[in-house]
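Student: Provided below for reference: sequence and predicted model.
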Amino acid sequence: MSRFAVFALALILPPATAGALWAAYSALTQRHAVAEYPVAAAVRYQCRYVTPGPGHGWVHITKTDLTDPRIDLYVSRELHERSPFPLELQAVDRIAAEEDLIVAVNGTLFGSDSQLYSKLQRPGDPAYSTETVVAQGHISKGRLPVDVRLVWFDQPLVFPPVATTSNGQSPAQINRGLQGHWLDVRGKAPEEVAAVLSTAIDVVGFQNSQLQGGQYDWAPDDIAGRRTAVGTDSSGRTLYLAVFESATLKQVADTLKSEGATDVACVDGGHSSAMVVDQKVVTGNWRPVAVTLGVRFRPK
């Protein structure tokens with residue numbers, strides 16, 4: 001029985017009975033910290049409690065070694081080009097299953113053309129991303145020009161250059177894994193941003209920034225909430241995907257910085273926050289979203 005079903009049942013029961021029901025449910029579903037362990041080659045997962053501070057809840061963190069040439073990234077791609085609603089809402093766990101993702105989280109903020117009340121958004125509803133998204137070179141610019149930072153991924157060049165390898169491949173054909181790069185869009189010329197978008201493999205835009213080069217980069221607040229964050233280390237070769245069940249922006253920054261991240265930004269949060277690890281929902285997945293971010297192995 002889901003927590004929502006238990007909560008709804010508790011509302012119609014006498015207070016004493018409702019309290020006992022909720023206490024029993026909480027005891028049966030109590031979680032424990034999970035020490036970092038390998039989910040798959042190059043991907044590790046951990047779960048721990050975030051304290052102290054206004055936010056006090058579980059955080060789920062995955063670290064992916066992007067130097068592994070088998071690793072591929074997944075970003076939701078437009079389904080309906082030249083439409084004001086080029087994406088469709090889907091549950092993160094469904095996308096994880098369909099795309100065979102090792103790790104999946106919700107992505108950017110979005111809007112939808114849901115016919116019902118907006119909070120009753122359904123899978124399949126037409127949608128759009130508020131921020132810029134590039135999936136395998138296919139650009140989907142955000143509905144609003146609100147990007148503050150972009151993170152993009154490409155394959156590092158081989159230096160020094162060589163004509164061919166022993167098996168006849170050119171350096172461009174050698175898979176050296178992926179590398180993340182960040183661009184602060186604030187004050188940048190449109191053509192500079194366009195140049196990045198035209199050459200990158202995958203791009204995610206953010207309306208905010210928590211860490212930039214290891215330094216705090218946000219408007220301070222003490223509001224705790226569900227947060228989904230994306231980060232990299234200083235080399236851009238470790239990818240962090242994290243979901244906080246209750247945390248302030250400072251707690252997000254401090255927690256991921258303690259894990260080695262130097263650049264961090266949040267995507268959509270609240271009821272959208274979700275993480276699926278090894279095809280299992282570890283948190284959230286309460287409503288469908290327009291963009292899913294994930295990690296998988298490259299098709300053979």
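Tutor: Structure received. Residues are numbered from 1 along each chain as shown.

Student: just the buried positions in stretch 247-259, please.
Tutor: Ala247, Thr248, Leu249, Lys250, Gln251, Val252, Ala253, Asp254, Thr255, Leu256, Lys257, Glu259 (16 or more other Cβ atoms under 10 Å). Every C-beta, even on glycine, is put in place using the N, C-alpha and C of the backbone.

Student: low-confidence ranges, this structure, go.
Tutor: Scanning the chain for pLDDT under 70 picks out 1-11, 15-16, 18-31, 52, 115-119, 141-146, 156-176, 219-220, 300.

Student: can you spell out which helices and strands pack onto the top strand by length along it?
Tutor: With secondary structure taken from DSSP state E, the chain has its longest strand at strand 238-247. Helices and strands touching strand 238-247, by 3 or more Cβ pairs under 8 Å, 6 or more residues apart in numbering; DSSP states H and E, are strand 58-65, strand 103-106, strand 225-232, helix 249-258, strand 274-277, strand 280-284, strand 292-297.

Student: partner strands of that strand, parallel or antiparallel?
Tutor: Its sheet considered, strand 238-247 pairs with strand 58-65 (antiparallel), strand 225-232 (antiparallel) by DSSP bridges.

Student: dump those into TSV; add mean neighbour count and distance to Gly205 as well.
Tutor: As requested, these are arranged in TSV below (neighbours: other Cβ atoms under 10 Å; distance: least, Cβ to Cβ, whole Å):
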stretch	mean neighbour count	distance to Gly205
strand 58-65	22	20
strand 225-232	25	11
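
Student: out of those, which is closest to Ile12?
Tutor: strand 225-232 (26.7 Å; Cβ to Cβ).

Student: alpha carbons of the closest one, as CSV, please.
Tutor: Provided in CSV are the C-alpha atoms of strand 225-232 (Å, rounded to 0.1, in the frame of the first residue of the first chain):
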residue,chain,number,x,y,z
GLY,A,225,12.3,21.1,0.0
ARG,A,226,12.7,18.2,-2.3
ARG,A,227,15.6,18.8,-4.7
THR,A,228,17.1,17.1,-7.7
ALA,A,229,20.6,18.1,-8.5
VAL,A,230,23.2,17.5,-11.3
GLY,A,231,26.9,18.0,-10.7
THR,A,232,30.4,17.1,-11.9
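
Student: related to what we said a few turns ago, now do the longest strand of the chain: distance to the chain's middle.
Tutor: 8 Å (Cα atoms, centre = their mean, to the nearest Å).

Student: quick one on the thing from earlier: now, the most widely separated pair of the buried residues of stretch 247-259?
Tutor: Across these (Cβ to Cβ), the longest gap, 17.0 Å, separates Thr248 and Glu259.

Student: so the residue lying closest to Phe206 once chain neighbours are set aside, which of the three states?
Tutor: In space, and not counting its chain neighbours, Phe206 is closest to Ala265: 3.8 Å by Cβ to Cβ, 6 or more residues apart in numbering. Here Ala265 is strand, with the state taken from DSSP: H, G, I helix; E, B strand; the rest coil.
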